[in-house]
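Enquirer: Just to be clear, the model below is a prediction. Sequence and coordinates:
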Amino acid sequence: MDGKKALGLLLAVAGGIMVLKFFGIHLGALIGTLFAIVLIGLGVVAWRSNRKIIGGIVGAIGILMLLPALSKLIMLGIAVVLILFGISLVKKNNNHRHF
């Protein structure tokens, strides 16, 4: 793909996002997450093409941008583990009572 086609595609996508926003469909969080994933992918590509410093920096920036989105999933995982651990403690048959 040459530069003119890439620019045309980029402008068309930007216009499409603007039209969706006009109709009340907001894709800000999705675009931010996709941008972070693209940065991680570019970092991996740069790393594999022996540009390890640039690839590491770009990949690290992408990971840092993705952390807020992943924090909700991490907290959900912690909550599930706590619930399962609490249920296992309640169900445990404890015949040894210590007063």
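Expert: Here it is on my side, so go on. Numbering: from 1, shown residues only.

Enquirer: My read is that residue 63 contacts residue 40, right?
Expert: Yes: the pair residue 63 / residue 40 is scored as a contact, 6.3 Å apart, by C-beta atoms under 8 Å. C-beta here means a position set from N, CA and C on the backbone, and glycine is covered the same way.

Enquirer: who has more neighbours, these two?
Expert: Applying other C-beta atoms under 10 Å to residue 63 and residue 40 shows that residue 40 carries more neighbours, namely 18 against 14.

Enquirer: measure the closest residue to residue 46 other than its chain neighbours to residue 76 for me?
Expert: With C-beta to C-beta, 6 or more residues apart in numbering as the criterion, residue 46 has its nearest non-adjacent residue at 3.3 Å, and that residue is residue 55. Distance, residue 55 to residue 76, by C-beta to C-beta, to the nearest Å: 31 Å.

Enquirer: what's the neighbour count on residue 62?
Expert: 19.

Enquirer: That one: what's it in contact with?
Expert: 36-43 (C-beta atoms under 8 Å, 6 or more residues apart in numbering).
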